[in-house]
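Novice: I would like the atomic coordinates for the input below:
(chains A and B)
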Amino acid sequence: MDIKINSIEEILVELFFKFRDACQKREYLGIDEREKDRKKLNELYDTLQTMHQKILDSKCYLELGKIQQEQTNRFLADDIHPQQRIDMLAYILRSLIHPVLFVHGKTSLLSSGLKEKGDVPSIEVLPLERQAKELEEDQQCQTAGFGVEEMTKLTEGIKRLVEQYKAFPRWQKKMDLHQAELLSQMIANGEMEIVFPTKKKELSGINTSIILKENLCQT
Amino acid sequence: MSDIIQEALQELFVALTTRWRKENGVLAIGVSRKQLLKAGSIEGAVLDDLLKKLKENIVNLGLELLEYIYDGETWYAIRSTYVAPTDLKSEEEAVLAVIVAHIESCAESKKETPIGTVKKKLVGGKYFSEYQFDRILKNLEQSGYIERKKNSLIYSPRTLIELSQDARKHICEESSRLIF
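Specialist: Numbers count the residues shown, from 1 in each chain, chains lettered A, B, ... in the order given. Predicted coordinates:
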């Protein structure tokens, strides 16, 4: 009987709210829908006829009381932030719980335990001693400055080379690229002059800084 | 008490208070009778005697030995006689309380609640995000408080052990006042 009453309540309440909302929003409910609702009520008619009026009334008042209670609760809880209400509920559970005792053992999942077993230990690669020394030396390198003194040394070195080997082909072979470039600059500056007598009349008396490229016969 | 019995009681206590997980990853609450008999290679009567002695010994420590049936097997666990903190976080406790409230408000014969109903209340009511709710539910499941049965949630032994019938009813009443 209780189950039947509950379902009657549900049907009636559903109908009540539907029509109330439609009335408030001034909505029109179609004929089909109203016909369905009428059929539902018709089916309930026999049950409602046999049901004692007092039972219906008492159920109705009980439901009204529940609605009122819920509305009051909502009103009272309205000032409390949802997170606070969550914390309050957590506190209530905490104050009633008698926990099971766990003294030792793993808290992690079995799968994470298997993962831990599979971990490969990290391998540390250490540099060789020689490499380490080289690294140290590199760190000790400093940029070399090139001033007037250094330039003087280089030019004096070239002059000595030229004077030592007199013949052009000899000191040409002894010179490296940097020395040859410096020699070209010295000749261009007028610091040095190299004379090559030539059979070609047109080249006679011409001084050039590009001396290493000139293959002339010498006397 | 002889040394052998003393040692046996110590081992039994250690076994019953070990935190271990079953194959499905869920925390086991205590140890089953079958496992105790197999591990100790003892008779049933001897085990019963040991359990009785252990029960008497731990009472003075504020602990009690419990026996419960789960999946057709008898299990034993040790529980605190007094209220004590759990290893759950605050948010997990709240969700568990809501689940308890929903299950308690169901009919006696059908002690389960659809996950969707709880989710609607907590996620729809903007208490938690969907991700938070799923994560908390998973933790509660792994900790042995609840079980999933298709699309519903039911109690796991730990909830029934740690929260008495009266406690669950009280939580149900309070939850209806606080969570909408």
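
Novice: SS state for B:Arg148?
Specialist: Three-state assignment for B:Arg148 (DSSP: H, G, I helix; E, B strand; the rest coil): strand.

Novice: pLDDT below threshold where in chain B?
Specialist: The model of chain B has pLDDT under 70 over residues B:1.

Novice: interface residues of chain A facing chain B?
Specialist: A:70, A:73-74, A:76-77, A:80, A:82-83, A:85-90, A:92-107, A:109-111 (CB under 8 Å from any CB of the partner chain). Where C-beta positions appear, they are placed from N, C-alpha and C, glycine not excepted.

Novice: which of the residues you listed count as buried?
Specialist: Buried by 16 or more other CB atoms under 10 Å in any protein chain shown: A:77, A:82, A:85-90, A:92-94, A:96-102, out of those.

Novice: quick one on the thing from earlier: among the residues of chain A next to chain B, which are in helices?
Specialist: Secondary-structure check on the residues of chain A next to chain B using DSSP state H: residues within helices are A:70, A:73-74, A:76-77, A:82-83, A:85-90, A:92-94, A:110-111.

Novice: check which residues of stretch B:77-94 are buried.
Specialist: For stretch B:77-94, the buried set under the neighbour-count rule, 16+ other CB under 10 Å, comprises B:Ala77, B:Ile78, B:Arg79, B:Ser80, B:Thr86, B:Leu88, B:Glu91, B:Glu92, B:Glu93, B:Ala94.

Novice: got a pLDDT number for the single nearest residue of chain A relative to chain B?
Specialist: In chain A, no residue comes nearer to chain B than A:Gly105, which is 3.3 Å away by CB to the nearest CB. Here the pLDDT value assigned to A:Gly105 is 78.

Novice: what's the burial count for B:Asn160?
Specialist: No Asn there; residue B:160 is Leu. The tally of other residues near B:Leu160 (other CB atoms under 10 Å in any protein chain shown) stands at 15.

Novice: that one belongs to a strand, doesn't it?
Specialist: No - with three-state DSSP as the criterion, B:Leu160 is located in helix rather than a strand.

Novice: hmm, back to that, give me the phi and psi angles of the closest residue to the residue of chain A closest to chain B other than its chain neighbours.
Specialist: Leaving aside its sequence neighbours, A:Gly105 sits nearest to B:Arg19 (CB to CB, 6 or more residues apart in numbering or on different chains; 3.3 Å). When read as degrees, to the nearest 10, the backbone of B:Arg19 gives phi -90, psi 110.

Novice: count of neighbours near residue 151?
Specialist: With no chain named, the answer covers chain A. Look at A:Met151: counted by other CB under 10 Å, it has 12 neighbours.

Novice: you answered for a different chain; I wanted chain B.
Specialist: Using other CB under 10 Å as the criterion, B:Asn151 is surrounded by 10 other residues.

Novice: surely it is in contact with B:Ile115?
Specialist: Yes - using CB atoms under 8 Å, B:Asn151 is in contact with B:Ile115, at 5.6 Å.

Novice: confirm that B:Asn24 sits in a strand.
Specialist: No - residue state for B:Asn24 (three-state DSSP) corresponds to coil; a strand is not indicated.

Novice: how near is whichever residue of chain B sits closest to chain A to A:Phe102?
Specialist: Closest approach between chain B and chain A, counting by CB to the nearest CB: B:Arg19, at 3.3 Å. From B:Arg19 across to A:Phe102, the span is 4 Å (CB to CB, to the nearest Å).

Novice: likewise for A:Leu182?
Specialist: Using CB to CB, A:Leu182 is found at 86 Å from A:Phe102.

Novice: got a list of what the spatially most central residue of chain B touches?
Specialist: Nearest to the mean C-alpha position of chain B, by CA atoms, centre = their mean, lies B:Arg158 at 0.5 Å. Going by CB atoms under 8 Å, 6 or more residues apart in numbering or on different chains, B:Arg158 touches A:Val100, B:Leu27, B:Ile29, B:Ser143, B:Gly144, B:Tyr145.

Novice: low-confidence bits of chain A, can you list those?
Specialist: A:1-6, A:106-147, A:166, A:168, A:194-219.

Novice: for it, what spans make up the strands?
Specialist: Per DSSP state E, chain A carries strands over the ranges A:104-105.

Novice: can you give me the helices in it?
Specialist: Under DSSP H, chain A gives helices at A:2-25, A:31-50, A:53-77, A:82-94, A:110-118, A:129-140, A:148-165, A:168-174, A:177-189.

Novice: what's the first one packed up against?
Specialist: Packed against helix A:2-25, as judged by 3 or more CB pairs under 8 Å, 6 or more residues apart in numbering or on different chains; DSSP states H and E, are the following elements: helix A:31-50, helix A:53-77.

Novice: got those helices as a markdown table, with distance to B:Leu51 columns?
Specialist: Putting these into a markdown table (distance: least, CB to CB, whole Å) gives the following:
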| stretch | distance to B:Leu51 |
| --- | --- |
| helix A:31-50 | 56 |
| helix A:53-77 | 46 |
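
Novice: relative to A:Gly190, which of these is closest?
Specialist: Closest to A:Gly190 of the helices and strands packed on helix A:2-25, according to CB to CB: helix A:53-77, at 103.1 Å.

Novice: tell me the angle that closest one makes with helix A:82-94.
Specialist: In terms of direction (axes from the mean of the first three to the mean of the last three CA atoms, to 10 degrees), helix A:53-77 departs from helix A:82-94 by 110 degrees.

Novice: just the angle for helix A:53-77 relative to helix A:31-50, thanks.
Specialist: Going by the same axes, to 10 degrees, helix A:53-77 makes 120 degrees with helix A:31-50.

Novice: isn't the residue of chain B closest to chain A right up against A:Val100?
Specialist: No - when contacts are counted by CB under 8 Å, B:Arg19 is not listed as touching A:Val100 (9.6 Å).

Novice: can you give me the neighbour number for residue 48?
Specialist: I went with chain A, as the question did not name one. A:Leu48: 12 neighbours (other CB under 10 Å).

Novice: sorry, should have said chain B
Specialist: Count around B:Asp48 with other CB under 10 Å applied: 12.

Novice: the one 4 residues further on now?
Specialist: Look at B:Lys52: counted by other CB under 10 Å, it has 11 neighbours.
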